[in-house]
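K.L.:
got a sequence here, can you model it:
(2 chains)
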Amino acid sequence: MTQLLLFDITNGLIIGAFYVLMALGLSLILNLSNVINFAHGGFLVIGGYLAYTLLPYLGFWGALIAAPFLTAIIGLAVERVLISRVYGRDPLYSLLLTFGLAFIIEDGVRYIWGAQGKPVGIPEFLSRSLSGELFFITGYRLFMVATATTIVTLLFVLLRYTRIGIRIRAGTLDLETVAGLGVNVRALRSLNFAVGIFLAGLSGVLAGGQLGLEPTMGDGLLMPSFIAIIVGGVGSLAGTVLGGLLIGVASGLTAVFYPSASEAVIYVLMAVVLLIRPRGLLGEEGMLT
Amino acid sequence: MTIRSGSAGIGRRTVIKSAAAAGVAQFASPFVVSAWAADTVKIGLDNPLTGTYAAPGGNELIGCKLAVEQINAKGGILGRKVELLVEDSTSGDAGTAVQKARKLIERDNVDLLVGNVNSALAQAMAGVSYEKGVLHIVPGGHTDPITGTDCHWNVFRVCNTTRMEANSIVPLLFKTYGKKWHFITPDYAFGHTLYDGCEANLKKLGGTITGNELTPLGTTDFSAYLIKARAANPDVLIVLVQGSDMVNCLKQISQFGIDKQIHVAGTQQELESVEAMPPEARVGIWMFEWYWNQPGVAGVDKFVADIRKASGGKVPTARTWFGYVSIHSYGLVANAQKSLDAKKLAKALGDFQLPPEVKVQPNNVYFRGGDHQLMLSAFIGELLKNGDGDPENLFKVNSVVSGDSIAPPVSETGCTLKWPA
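P.N.:
Residues are numbered from 1 along each chain as shown, chains lettered A, B, ... in the order given. So this is what the prediction gives:
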């Protein structure tokens, strides 16, 4: 029983690492631009399908690098044409806009690639388990965790030690003052949005290798990512990481001991956190008001 | 402001007028002399075109369209052209499916309602068609009550019941893989009745169940369930989930190497899912409800060729066949009875035998009069890792079991048809 419990906690952390990757992109966009990006799951799907298309030409590793960049370029165009028009308005506008955009992306993907699912092949050496005992830890899952860890580290370095990162963090706290100091806020927001969408595209490629590709695959991954942000605390990237790992472990454990609540448990966790600490575990008071 | 094209200046208003004229021209009907009677026979398809079940719903639509085309080419129904009205029911919103069914019946006055892929939506739609007294054919919703405890005089079903599926394959899986079984079951109506069917068969054979993992519809990560299933050490892991859940589950089973340690198999399998899996995930013995590669069986080659032409080279799946059978059954019966009266046609559809060019399979295929369930064959066999002779030939059929040998008798289904006066 103890072994099963340890297996499930480890497994939950692996699942959580993926949620972290997805939630970080969402969190970046939400924090700086106050945009609740419901189309984030759609961009994840675009990333996955672009990788599927590029795979025969570039191989897995080439597609892993190229697809997120292409997704970010599409995201940048969407931001310039659509999202930028709702900056500064009530977050409800961006929520409605991206909600509609999510449907457009889903139908667009279905139109281009078809409704039937597509398989994404992964390199042979990544598809093996570590050992017969630890069968659930495959090379690919370890690679996903390593990628998530690397991205989190890079993002924290970027935000802490680079000029752009410091501007993004400052903008998260007070965008008007940052603009008043002569920073090009328009470019800052665009860059920030593109980085967020890059992370969605990367999540899509990684998810494609683990799951099958289908036009609705982003739906099931979007809500846990939002909940990770709320549990961890809006405005705190460290909180997003903590939130993602927590809900991964919670849903993994519940699936074993009380399977019918495995979906509900993350919402229960969110409700408990909101009741006890409304700003989230590591969130700052007054964010997103 | 003026938009210029080439050397001549064209005013903005001119461009708008031209565009408007071009638009109107698209909708203006040319004067065509037609031999059709004034009224059309309307068939309403209320099926998923978006969401989780968009792929099977799309294939059922292709089958329906081909049947309508073939019926019209032979003079339509009662000399009237057949018109297919298509509505997106969504994949899981019963409210939308019911609203669309009401629209098709009350506003469009359809003569036949067809749908749904989703069992729960099919049941909800059956409530509406029964209330309105409109003939209704369910192409692909499997849960037992549709032609069981909740059966109606006006509702017919083409696909198998879950009990028929379990009866067709459980004895073979027991003989091949052993007696200790562990299940991964989708946590909704379809999964529950399919599990019940498997459990009843297994108990009869003297088998044991080490556990049943109930997974929510739309589960993406099965690792926690698989850890538990492997810890139970069964002889065989039976996968009952469907669609993208099936793809995710089998993909993770293969990545974890579970199929190398215990047997993996299941009941219903669909070509849509198999094509979405990587080769290494295609393992085990399964049951298809119809399969396209049937050498020497009358009508199959033509049906496959016609569908390939209509779907950009793709072969028909069981879903395509469900749609095709739904429309042709109605057309054949209506023309034979020379009527569109729902009650008269429902009586005639009971015990109606499908002709070879529609059944496209070896055994007798007919709607059973007592519960309006189609007695269709079950194709039992093994998944192939790579296409054999054709990239889409991913299943090796070992036997074709007749529907009436696997269906429980009407007395055991709980169905009592109540006919209107």
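K.L.:
okay, now the nearest residue in space to B:Glu272 that is not next to it in sequence: neighbour count?
P.N.:
The spatially closest residue to B:Glu272, leaving aside those adjacent along the chain, is B:Ala55, at 4.7 Å (CB to CB, 6 or more residues apart in numbering or on different chains). (Each C-beta comes from the backbone N, C-alpha and C, glycine too.) By the criterion of other CB atoms under 10 Å in any protein chain shown, B:Ala55 has 27 neighbours.
K.L.:
tell me the contacts of B:Ala55?
P.N.:
By CB atoms under 8 Å, 6 or more residues apart in numbering or on different chains, the contact list for B:Ala55 reads A:Gly114, A:Ala115, A:Gln116, A:Gly117, A:Glu214, B:Gly243, B:Glu272.
K.L.:
from those, which single one is nearest A:Thr162?
P.N.:
When those are compared for distance to A:Thr162 (CB to CB), A:Glu214 comes out closest, at 37.5 Å.
K.L.:
I'd say the closest one and A:Pro119 touch.
P.N.:
No - look at A:Glu214 against A:Pro119 with CB atoms under 8 Å: they stay out of range, at 10.6 Å.
K.L.:
ok, those two, which is more surrounded?
P.N.:
More crowded of A:Glu214 and A:Pro119, by other CB under 10 Å: A:Glu214, with 28 against 21.
K.L.:
quick one, phi psi at the more buried one?
P.N.:
A:Glu214 has phi and psi values of phi -150, psi 160 when expressed as degrees, to the nearest 10.
K.L.:
next, the contact list for it, please.
P.N.:
A:Glu214 touches A:Ala115, A:Gln116, A:Gly117, A:Lys118, B:Thr52, B:Ala55, B:Ser244, B:Val247, B:Ala276, counting by CB under 8 Å, 6+ apart.
K.L.:
for those, which two are the farthest from each other?
P.N.:
Longest distance between any two of the contacts of A:Glu214 is 15.1 Å, between A:Lys118 and B:Thr52; criterion CB to CB.
K.L.:
list the contacts for the residue lying closest to B:Gln353 once chain neighbours are set aside?
P.N.:
Excluding the flanking residues, the one nearest B:Gln353 by CB to CB, 6+ apart is B:Tyr366, at 4.5 Å. Residues in contact with B:Tyr366 (CB under 8 Å, 6+ apart) are B:Asp351, B:Phe352, B:Gln353, B:Leu354, B:Leu374, B:Met375.
K.L.:
how deep is the fourth one tucked in, by neighbour count?
P.N.:
It refers to B:Leu354. 21.
K.L.:
buried sites along the worst-scoring helix or strand of chain A on mean pLDDT?
P.N.:
Here the helix or strand of chain A ranked lowest by mean pLDDT, DSSP states H and E is helix A:2-33, holding a mean of 86. By 16 or more other CB atoms under 10 Å in any protein chain shown, the buried positions in helix A:2-33 come out as A:7-8, A:11-33.
K.L.:
ok, stretch B:209-228 next?
P.N.:
For stretch B:209-228, the neighbour count (16+ other CB under 10 Å) marks B:209-210, B:212-228 as buried.
K.L.:
just stretch B:131-142 next, same as before
P.N.:
Of the residues in stretch B:131-142, B:Lys132, B:Val134, B:Leu135, B:His136, B:Ile137, B:Val138, B:Pro139, B:Gly140, B:Gly141, B:His142 count as buried by neighbour count, 16+ other CB under 10 Å.
K.L.:
and of these, the nearest to B:Pro409?
P.N.:
Set against B:Pro409, the nearest of the buried residues of stretch B:131-142 by CB to CB is B:His142 (18.9 Å).
K.L.:
touching, B:Pro56 and B:Ser244? I think so.
P.N.:
No - the pair B:Pro56 / B:Ser244 is not scored as a contact, 11.0 Å apart, by CB under 8 Å.
K.L.:
thank you kindly, that will do.
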